[in-house]
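A.B. asks: Prediction below, plus the sequence it came from.
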Amino acid sequence: MATDPTSVAQSWSRIRNWYEANISDQFRERLQNPAPPATIDEIADCENSLGMTLPDSVRESYLLCNGDRGLTTFSFGSLMSIEEIVDLWRVRKSILDRGNCLEASVIRCNRAIRKRGWDLKWIPITDSGSGDFFCIDLNPTKWGTSGQIIRYIRERGPVDLVAKSFADLLLTFAERLEAGKYQWNDEYQQVWPVTGTSSEAI
């Protein structure tokens, strides 16, 4: 089912409005100089490199903004540019090719996610800088949905299902921001859960 692009645009508008009202002045320049939109050709090049088609909501998002240019929009990491996605996917592929991924026997994950150290149909979309990612999962189990967003942690592999789609991820994050579940943290230079825990953080 195609995603209504208006919903993606509206969610990003709500997220940006929250940042405008809550980010510290010293970091405001990052917000005021967003990355330009990706082009249709850039998205096509990305898909050709991956050998996969990005979900509609992901494509619509990148036609609005090609990553967050280091703002670290989500508490779990920065939204990568189209080019960075391809680079990181290739790194993960090389690790998989060398057989250096986690063994399935040590992985504990949601049943909607395949119990693997890595899968070539997982497309990393955010990067924490320490080997933790949100990934677009295009190869879910029968309990999952193609295009679902999963959380991958370096020491544990895939762990949980974050959202059924990228559009749902953006909507949930916008709602949580507006509900006061996050605050801007100058030390981490990003949003952080008010509770101080990242167990369910977006």
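C.D. replies: Now that the structure is in, tell me what you want to look at. Residues are numbered from 1 along each chain as shown.
A.B. asks: how about the helices of the protein, start to end?
C.D. replies: Assigned by DSSP state H, the helices in the chain fall at 5-22, 28-32, 40-50, 56-62, 82-97, 166-178.
A.B. asks: which of these sits most buried?
C.D. replies: helix 56-62 (a mean of 23; mean count of other Cβ atoms under 10 Å). Backbone N, C-alpha and C define where each C-beta goes, glycine included.
A.B. asks: And the contacts of that one?
C.D. replies: 2-3, 5, 7-9, 12, 37-38, 42-43, 54, 82, 125, 136, 147, 165-167, 170 (Cβ atoms under 8 Å, 6 or more residues apart in numbering).
A.B. asks: Burial check on the closest residue to residue 26 other than its chain neighbours, number of neighbours?
C.D. replies: Once flanking residues are discounted, residue 26 sits nearest to residue 186: 7.6 Å by Cβ to Cβ, 6 or more residues apart in numbering. For residue 186, the neighbour count with other Cβ atoms under 10 Å is 10.
A.B. asks: pLDDT of stretch 185-202, averaged?
C.D. replies: Here stretch 185-202 scores 78 as its mean pLDDT.
A.B. asks: in it, what's buried?
C.D. replies: 189-193, 201-202 (16 or more other Cβ atoms under 10 Å).
A.B. asks: what does stretch 31-39 give?
C.D. replies: Under the neighbour-count criterion of 16+ other Cβ under 10 Å, stretch 31-39 has 34-35, 38 buried.
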